[in-house]
Each structure stands twice: as structure tokens, then as C-alpha cells.
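A.B. asks: predicted coordinates and the sequence they were generated for:
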Amino acid sequence: DFDQLELLVRKRFLSGIQEGTTETVCYESIGDPSWLSIYSGSKTGSRWKPSREISPEETYPLPRGWKWVRLNDLAIFINGLAFKPTDWSDAGRKIIRIQNLNNEMAPFNFTDKEFDPDYLVTNGDILVSWSATLEAFVWNREDAWVNQHIFRVLPNLNAVKKEFLYLLLKEAVRDLSESSHKHGLTMKHINRGPFLNHLVPLPPLEEQSRIFSKFEELRREISVSRSLRTATSRSAFEVTNALLSNLLTSLLDKDSPTSEKYLGDLISHVAEQAAESASTSYLTTVFFRQIQKIVLAALPKNSSDWKTGNVGDFLVLNYGKGLPKLARRATGTTAVYGSNGIVGFHDEALVDKRCVVVGRKGSIGALQIANEPSWVTDVAYYVVETADVSFEFLPLLLGTLDMEGLGRGVKPGLNRNEVYSLPVSIPPIHVQEKTTAVVAAIEKTIIELSAQVEVLNVIRTRVIHSGINELRMSSPSAASGSDSRIGAH
């Protein structure tokens, strides 16, 4: 979601700023090849050709001082070399491949050969991956050769600041990747022609610096939010890990043959997943199941107070009863359950006690907890507590059965006889109580963390909007009431 947030910032800056300016761009440099002289490659000058004229039908009005240009006007885009295995060596300069841009830990190929300086990437150069991965990058390492399917970008510094060109390119690549100019079924790519001819709005140089400065300020704010979220997730991991460890320490036999390291790894895995999700819905779907599988796998089952057998020995899956919509009393207060939650209300209860609703058709095996008398329809079963299984432990136990995989037929349904045949081990009530107490504590922690994440989301959004408003209000044309809009077709 932080990537989406940064995309929002770029779009708001580059496509929605209501401002104009009296500053001017050095537009005479656009179309004039003299700016190429600062680059030392032997073929640099011949690589650039003037852009075709821009027609009024392709554009819309921009603020004063801004100008429509093509990407070709702003830089030379040099495609990398097609290195062969015979070019590789054990030492020499690195060869930048797409995988090295996507992953800083990816291994490099090397070459000890020399090539035209046009293909030598230096620290701070902009690179554009135009095949498979469609994205713009800044190279922040030692000099290296650029591989094919990557453009090395040499900016027209008379017309555009390098840092602002980077923002423009990220936005342009995103636009092209979502348009008809993206090709390929297995390897997505952007053709060079449409890329070079892509239109972008160009502000004056001073305005470019101001926009980039504000963008960087907001990016730092986003980075702080990311750090806070990471810290929050880590806190959830530590709390969850401690709770699970305490539970198992209190329940495991001192002489249990269970591998302590293996058990610790399992606990950490579940705790980390819970922390990353910070979601109560995750708890009711995956987390319950994984916790209980770990607990049941780790607890000693050789004690005389544990009971083993099949599900049918301990529980009954009762059929629900059909209740058409027209027969329901909407003014009633009794919840009517389908296979995946409440589907309405009625003035009469089919089940007069607490129960766990199990999806029979549709959402097979989905679990819903009904804490009040309810009506369960004929697309679900309901299960009530027994002398062997407490109500609080029911959803944990049922969640370990993987019932969603038991659906059969053209219109899949859950056959309760198949559920009855599944083997289970039932701990004594005091163990059930300890287990459910720990799960409840973990759930409380996750709910609290979810609230913290929501607060961070609100703060993050406010930072974005306040930054954009500040940028608009500080515009030279803000006081004049200019209403030109970039991006307003």
C-alpha cells in the first residue's frame, strides 16, 4: 500500500496541481542537439533524433509557463548491450540485468571487456526497464555495463532536472504499462516508438525543483509511517510469540519428546503471520487453525485425561432448516445464518443456545459463532457444546479439520458423515480453557494493533493532503485564482 501511496503522490503532483507560473523553461534547448555535447560516447549524437510535432488534439491546457513535450525531447534512451556467455568473466565490471534492479541481493555477471562509454552506467544514472519489469530506477552503485532490455537515460539538463525526470519516467512507464502500448503475453514490454513519443507536461526548471523537494519531503513522511508499521508488526510478533510460548510451557510435560527448537520455529512462524496481518478476519480463518494445529501437535496425548477417536464420537453436526426470505420477520431480533454469516432476521429461534455454524453449501466449512439463540438455514449445520468440548474450544477444534476440502459433487456440499469419520484428539476441559484464554489474548492484541494501523493510515493520508495543499498555496499563481488543471481533459 505504500507503493500505491507514492503513486498517488506522483499523480497528484504531476497531474492535478492547480497552479501557474511566470517562470520559463529553456524551451529553445528542445529540438536543439547541442545539449548532447556533454556526453562522451562515440555514438551519442547519432542516437538522438528530433521529435515529431505535437498536435493540439493530443493535449489540453497547462498552467502558465508549462509545456507539453515528448520523452524523446528530455533525454537519450540507450538500450543496453546483448551480452553473450563468451563476454562473461570471473572479474571485471558488473553487468546490470533486470534482476539486479529488482533485487539488490541478486548475483551479477561480470565482464573484463571494454565497450562504448554510452553503455557504462555511473552512480546516479537513471535506468528504465522496458521488458518484463516495467519501471524506472536510479543506479546507486559503482560503474557497470547495462544489459539489453534496460535503457540508460542521458537527460537534457537544459530542459529538465535529473531528479524530476526520474518522477516523470516512473509516471510515464506506469501509464504506458496500463495502456494498449504494453505488449506480450508471457513477457510484458513497451515498444521504443510509443515510449519516446509519450507526452508529459513539463514545468519550468525552478518549479521542477520545488515539486521534487516537496515530493521528497512527503516520501520521508511515508518512510516514517512504514517504520512505525514495521515496529507495530514486530510488537505483535513478540506479544504473540510470548503468549503461545507461555501456553505450551504450562501444558507440555517436562519429559515431552517434542523438539523444543522445532516447536519454537512453529510458534514463531504463526506469530509472525499474525503480526503481519494485524487483522481479526485473519484470526478466524487461518490463524485459529494454525495455532490449534501447533498446540494439538505439541501437547502430550498419553495422559489418561485426553480422549481420542473420531469427530462423530464427540460432536453432532445438526442440520439447519430452510427459512425463505418471505417467511422471515424483518422486525425480529433473532439472527438468521446462512453458510457464510447472517443473512437476515426472524422473530423465532431454531437453536435456543449458543452454537457454531458450519457452512454446508456454498462456503463449505466456513465457521460462524452465534452467541445468542438463532435460526440456522438448510445450507449450514450447527454444533453445540458437549460434555467433552467446551463452546469456546469448538471453533478451534472445528477449524483444524480442513472441512472446506471435503466438498463433493457438481454443486459441492459438505457431507457430515465424512466429517464424523475424521480423527481427533480432545484435551481435557482445563487444557481447553487455557488454550482458548491464550487465543483470546492474542485476538485482543491483534484488534488493538489493527486500530493502531488505522490511525497510521489516517495520519499518512493527512500528510499527503497537507503537503499537496501547501504546494498549491505556495504557488506564484495561487493568489491570482488560476484554475488551470494538469490532467483535466
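C.D. replies: Arrived safely. Numbers count the residues shown, from 1 in each chain.

A.B. asks: pLDDT below threshold where in the protein?
C.D. replies: 1-32, 40-46, 179-187, 222, 224-304, 408-410, 438, 441-443, 445-489 (pLDDT under 70).

A.B. asks: can you give me the helices for it?
C.D. replies: 2-15, 44-47, 71-74, 98-102, 162-177, 192-196, 205-251, 260-277, 280-282, 288-298, 394-399, 416-420, 429-473 (DSSP state H).

A.B. asks: helices or strands up against the third one?
C.D. replies: Translated: helix 71-74. For helix 71-74, the packing partners by 3 or more Cβ pairs under 8 Å, 6 or more residues apart in numbering; DSSP states H and E come out as helix 162-177, helix 192-196, strand 199-202. Every C-beta, even on glycine, is put in place using the N, C-alpha and C of the backbone.

A.B. asks: can we see that at 10 Å?
C.D. replies: Under the contact definition 3 or more Cβ pairs under 10 Å, 6 or more residues apart in numbering; DSSP states H and E, helix 71-74 sits against strand 150-155, helix 162-177, helix 192-196, strand 199-202.

A.B. asks: mind saving the C-alpha coords of that helix as PDB?
C.D. replies: The C-alpha coordinates for helix 71-74 follow below in PDB (Å, rounded to 0.1, in the frame of the first residue of the first chain):
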ATOM      1  CA  LEU A  71      10.000  11.900 -23.600                       C
ATOM      2  CA  ASN A  72      12.300  12.000 -26.600                       C
ATOM      3  CA  ASP A  73      12.800  15.800 -26.000                       C
ATOM      4  CA  LEU A  74      14.100  15.200 -22.500                       C
END
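
A.B. asks: which parts of it are buried?
C.D. replies: 71-74 (16 or more other Cβ atoms under 10 Å).

A.B. asks: closest one of those to Trp375?
C.D. replies: Proximity of the buried residues of helix 71-74 to Trp375 (Cβ to Cβ) peaks at Leu71, which lies at 63.2 Å.

A.B. asks: could you check how far the closest residue in space to the closest one that isn't next to it in sequence is from Ile96?
C.D. replies: In space, Leu71 comes closest to His198 once its chain neighbours are excluded; the distance is 5.1 Å by Cβ to Cβ, 6 or more residues apart in numbering. In this view, His198 and Ile96 are 23 Å apart by Cβ to Cβ, to the nearest Å.

A.B. asks: neighbour count winner among these two?
C.D. replies: Ile96 (25 against 21; other Cβ atoms under 10 Å).

A.B. asks: write down the beta-bridge partners of the more buried one, one by one.
C.D. replies: Using DSSP bridges, the bridge partners assigned to Ile96 are Val146.

A.B. asks: so it sits right up against Thr122, yeah?
C.D. replies: No - under the criterion of Cβ atoms under 10 Å, Ile96 makes no contact with Thr122, lying 11.4 Å away.

A.B. asks: so what sits against both of those two?
C.D. replies: 139, 141, 144, 152 (Cβ atoms under 10 Å, 6 or more residues apart in numbering).

A.B. asks: closest one to Asp313 out of these, please.
C.D. replies: Nearest to Asp313 out of these is Arg141 (Cβ to Cβ; 64.5 Å).

A.B. asks: list the contacts of that closest one.
C.D. replies: Counted by Cβ under 10 Å, 6+ apart, Arg141 has contacts 94, 96, 100, 104, 108, 121-123.

A.B. asks: please repeat the previous calculation with a cut-off of 6 Å.
C.D. replies: With contact set as Cβ atoms under 6 Å, 6 or more residues apart in numbering, Arg141 has no partners.

A.B. asks: the one 10 residues further on too?
C.D. replies: With contacts taken as Cβ under 6 Å, 6+ apart, Phe151 has the following neighbours: 77, 79, 128.

A.B. asks: rerun at 7 Å
C.D. replies: 77-79, 127-128, 130 (Cβ atoms under 7 Å, 6 or more residues apart in numbering).

A.B. asks: quick one: buried ones out of those?
C.D. replies: 77-79, 127-128, 130.

A.B. asks: most widely separated two among those residues?
C.D. replies: Once Cβ to Cβ is applied, the buried ones among the contacts of Phe151 give Ile78 and Trp130 as the farthest pair, at 11.9 Å.
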